[in-house]
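*Asks:* Sequence first, then the predicted structure:
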Amino acid sequence: MTIEYRQITAAEHRSFGVAIERGFGGHYSPSQEQYRLDRLTLTPEMSMCAFDGGEIVGTSGAHPFETAVPGGAIIKNAGVTAVTVATTHRRQGLLNGMMKPLLRQERDKGQPVASLWASESIIYGRYGYGISIPHENFLIDTRKTKIKNSPEISGRIRFVNPDEARKLFPVAWEAAVNSHVGVPRRNDHHWDRWATGLNESGDGWSKPFLIVYEEDGKVLGYANYLVKELHVFGEHAHGMINADDVIHSSAASHAALWNHLLNVDLYDTLNTWRSPSDDSLPWMLEDQRQLERKPYDGVWYRLMDVAEALSTRTYLAEGSLVLEVEDSFIPEWGGRFELTGGPDGARCVPTTKAADITLPTASLAAIFLGGAKLGDLARAGRAEENTDGSIALADAMFATVRAPWCPMMF
Ligand SMILES: CC(C)(COP(=O)(O)OP(=O)(O)OC[C@H]1O[C@@H](n2cnc3c(N)ncnc32)[C@H](O)[C@@H]1OP(=O)(O)O)[C@@H](O)C(=O)NCCC(=O)NCCS
């Protein structure tokens, strides 16, 4: 079997869609409009596929995202997506074969990092990805607790229709991009594709309810949620509420949106996912025990240009460290780097000085946005301290005021 790895051509676009959908266990039958939007978002240039005898048997691609890093600078971020291998070709090394050309292609576009959501958590560590944005999923019985503490809320919540949502949600999203590390900036084609789902319902769930939080006419947050009735005739009314997105850019927008979601009478089992690991909702509740928290690995990052990535962010404490970064998947992307940084900026360059810390590239990805502590990784055997005190210094430097967050699955 000879496998060829290359981008798709424009003529292969529908086969690309068929292969992706089939790889995830579905059938590709988009409406005309969805197909038009798929062609605009899943372009040949962002693809990297495996072909057997001219047939697509493996798919992958990367969206050209931009995200903030600690300190507020925006970096280019390859949002890896659509990774599948046909069931006829699995466990024969095709993902191993696709990942390298995909990463090289994306780095050549000037993107120092790549990121992804993993369908299964055992897949991507071998390629140098580390868990960078851990999240939490929440389950709340809203009959048993209410909001007791809240910052002052000067704005208001109102319902919007899908057309207004398509206009206003991107404004709130951009505010979230600028106020949180890790929220990917999305282009208009992404928003159009997302908006096609706003009139859909299924499996007993309502169509989405769409709300915005505004202060002086400025949109600072939004939520979209679905409800489903569960009550049995003759018993008290009861149902589930599923908050798909709770997008906020300030303490007030966060509190106002959650206050709304916890007060949708008759729908009392509130499910939500992708909350940042430092979400303040538990601290707002009268009874924290009524909030079940489930940690989730969230978004994985892969550093493709260590020097560029580390020099773009700022560091909470001043310091200088030499890091020996081991990259077993693409060795030339590893090496020894001297990082000198602080709250005002940083410089990271290759060096031949002795290394203070030796770590695999996945461990560096895990601490890159402040989502993990190097001390924790070191105690798990995932980093080695060569100079006493250097791991404590790394933790003081890489620490961030807020946890990173990526409220969008891609
Ligand atoms: C995940 C998937 C793309 C892997 O493709 P593949 O071609 O079978 O992977 P490879 O043969 O290149 O295997 C790569 C390595 O990962 C391991 N691996 C990959 N997927 C795995 C899985 N689901 N469970 C256990 N191990 C897995 C393989 O054992 C192999 O390990 P090795 O290199 O140490 O030998 C494929 O199983 C798939 O399409 N799954 C369904 C869609 C999906 O979940 N995609 C990922 C979206 S994030």
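*Replies:* Received, thanks.

*Asks:* Which positions in the chain make contact with the ligand?
*Replies:* Applying C-beta under 6 Å from any ligand atom, one finds that the chain approaches the ligand through 23-24, 83-85, 90-96, 118-120, 122-123, 126. C-beta: built from backbone N, CA, C; applies to glycine.

*Asks:* domains in the protein, as residue ranges please.
*Replies:* 3-111, 146-286, 304-398 (automatic domain parsing).

*Asks:* From the chain's centroid, how far away is the first one?
*Replies:* The one in question is domain 3-111. Relative to its chain's centre, domain 3-111 lies at 17 Å (C-alpha atoms, centre = their mean, to the nearest Å).

*Asks:* cool, the longest one as well?
*Replies:* Centroid separation for domain 146-286 versus its chain: 17 Å, with C-alpha atoms, centre = their mean.

*Asks:* how long is it end to end?
*Replies:* End-to-end distance of domain 146-286 (C-alpha to C-alpha, to the nearest Å): 6 Å.

*Asks:* Just the buried residues from the residues of the chain next to the ligand, in PyMOL please.
*Replies:* Entered in PyMOL, the line below selects the buried ones among the residues of the chain next to the ligand, by 16 or more other C-beta atoms under 10 Å:
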select buried, resi 23+83+84+85+92+94+95+118
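
*Asks:* Give me the subset of the residues of the chain next to the ligand lying in strands.
*Replies:* Secondary structure from DSSP state E places 83, 84, 85 of these in strands.

*Asks:* Can I get these in JSON lines including distance to residue 364 and pLDDT?
*Replies:* Converted to JSON lines, those look like this (distance: C-beta to C-beta, whole Å; pLDDT from 0 to 100):
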{"residue": "83", "distance to residue 364": "22", "pLDDT": "98"}
{"residue": "84", "distance to residue 364": "28", "pLDDT": "98"}
{"residue": "85", "distance to residue 364": "28", "pLDDT": "98"}
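
*Asks:* Format those as JSON lines; extra columns: distance to residue 276.
*Replies:* Listed next are these as JSON lines, based on distance: C-beta to C-beta, whole Å:
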{"residue": "83", "distance to residue 276": "25"}
{"residue": "84", "distance to residue 276": "29"}
{"residue": "85", "distance to residue 276": "32"}
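
*Asks:* and of those residues, the nearest to residue 296?
*Replies:* Checking those against residue 296 with C-beta to C-beta, the nearest one is residue 83 at 18.6 Å.

*Asks:* how about the helices of this structure, start to end?
*Replies:* 13-23, 32-41, 94-108, 162-179, 188-195, 251-261, 281-284, 306-312, 361-368, 374-379, 390-398 (DSSP state H).

*Asks:* who's in contact with the third one?
*Replies:* When contacts are taken as C-beta atoms under 8 Å, 6 or more residues apart in numbering, the neighbours of helix 94-108 outside the stretch itself are 3, 5-7, 48-50, 57-58, 60-62, 78, 80, 83, 85, 114, 123, 127, 302, 304-305, 329-330, 333.

*Asks:* How about the last one?
*Replies:* Helix 390-398 is touched from outside by 315-319, 321, 339, 341-342, 356-357, 367-368, 370, 373-375, 378, 383, 385, with contacts defined as C-beta under 8 Å, 6+ apart.

*Asks:* In PyMOL, how would I select the buried members of those?
*Replies:* The buried residues among those can be selected in PyMOL (16+ other C-beta under 10 Å) with this line:
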select buried, resi 315+316+319+321+339+341+356+357+367+368+370+373+374+378+383+385
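
*Asks:* Inside strands: which ones of the contacts of helix 390-398?
*Replies:* Per DSSP E, those map to strands at 319, 321, 339, 341, 342, 357, 385.

*Asks:* Just want the residue of the stretch 201-350 of the chain that's nearest the ligand.
*Replies:* residue 300 (9.3 Å; C-beta to the nearest ligand atom).

*Asks:* Pull the contacting residues for that residue.
*Replies:* Here residue 300 is in contact with 115, 116, 117, 118, 124, 129, 130, 131, 132, 365 (C-beta under 8 Å, 6+ apart).

*Asks:* try residue 44
*Replies:* Residue 44 neighbours (C-beta under 8 Å, 6+ apart): 7, 8, 9, 10, 12, 13.

*Asks:* Narrow these to those that are buried.
*Replies:* 7, 8, 12, 13.

*Asks:* Which one of those residues is nearest to the ligand?
*Replies:* Looking across the buried ones among the contacts of residue 44 and measuring by C-beta to the nearest ligand atom, the closest to the ligand is residue 8, at 16.8 Å.
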